[in-house]
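Visitor: Predicted model and sequence below, questions to follow.
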Amino acid sequence: MLKKELSSVISSNKSALKEDIGIVSEAMKQGQIMRWSDLRDLGVRQSSLVSMTKGDEPVLERIGWGTYKLGFDFRMDLQSDDDIEDNSDESLVDFLEVTSRSKRGVICLLSAVNYYNLSTTLPSKTWLALPHGSHPPKIDYPPIRPVFWRNHDALNFGVVHKKVNGMTVPITDVERTIVDLFKYSSRLPDASITKEALQTAMQRPDFCRKRLSEYAYRLNIYHKVRDEVESIDKYASGPAYNYSNSGSAHPSM
């Protein structure tokens, strides 16, 4: 009788664990970071959580107090070949260590400058944009340079997601990075970085002046950015660009 009861309990536990793994897989398959309270609200049992964090290839990895991400091998099993980007960039791996511990953090400023090779300056810390009033993640490495943005909408535009190790790293795109350098120039160790980065970006065929103009306008720094662009154009003796409104919501560069 005892063996039958024990067998029934074991079977029930396995069934519950399988069900909870399915819930976790669906909720976190795109690389989301979730807290235990979030998983519990989805119906995941605490006993399952303990089981899912055990073993050499766990379903879940604990990355902070009460915070989890999918285990690497388990995450790879969920991804199709089309979903996985073979990106071994070491800087992205370091960025992932930071962003995976921050719900809304975005790699920005000098770290983005370095990633896009816009300057010879090498930052000693990872620059991370965070909503005003939030707390930076507590990790030993890499060291973090938090930048708090009062305008929470600023965390949503001009941000791209780079895929690495089956997860995504949010980082400002080239044009947004340039605008941020102007916006937060007082926080930079060297003011010349801004002009160097802009000059480098403008020489690239995929640089988009329209995006630069839109971002600068949204961050209330349009005229300052436009003046520098005009100065570089004039120095380079390049073609004349239209600085009139041309019917758009704001002047173009």
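Guide: Done, it's in.
Visitor: May I have the phi/psi pair for Lys163?
Guide: phi -90, psi 130 (degrees, to the nearest 10).
Visitor: Just the strands from the stretch 51-200 of the chain, written as ranges.
Guide: Across the stretch 51-200 of the chain, reading from the start of the chain, the strands by DSSP state E, counting those that start in this stretch fall at 60-64, 67-70, 106-107, 126-131, 144-149, 159-164, 167-172.
Visitor: now for the shortest one, which elements pack on it?
Guide: In this structure, strand 106-107 makes packing contacts with helix 90-99, strand 126-131, strand 167-172, judged by 3 or more CB pairs under 8 Å, 6 or more residues apart in numbering; DSSP states H and E. Bear in mind the C-beta positions are built from the backbone N, C-alpha and C, glycine included.
Visitor: switch to 10 Å and redo it
Guide: Taking 3 or more CB pairs under 10 Å, 6 or more residues apart in numbering; DSSP states H and E as the contact definition, the neighbouring helices and strands of strand 106-107 are helix 90-99, helix 109-115, strand 126-131, strand 159-164, strand 167-172.
Visitor: same deal with the fourth one?
Guide: Counting contacts by 3+ CB pairs under 10 Å, 6+ apart, strand 126-131 packs against helix 90-99, strand 106-107, helix 109-115, strand 144-149, strand 167-172.
Visitor: Put together CSV for these, with mean neighbour count, mean pLDDT and distance to Glu228 on each row.
Guide: Compiled in CSV, these are given as follows (neighbours: other CB atoms under 10 Å; pLDDT from 0 to 100; distance: least, CB to CB, whole Å):
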stretch, mean neighbour count, mean pLDDT, distance to Glu228
helix 90-99, 19, 82, 27
strand 106-107, 28, 96, 23
helix 109-115, 24, 96, 16
strand 144-149, 18, 93, 21
strand 167-172, 23, 89, 18
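Visitor: Hmm, Ile107 and Thr177 touching each other?
Guide: Yes - with contacts counted by CB atoms under 10 Å, Thr177 reaches Ile107, the gap being 9.5 Å.
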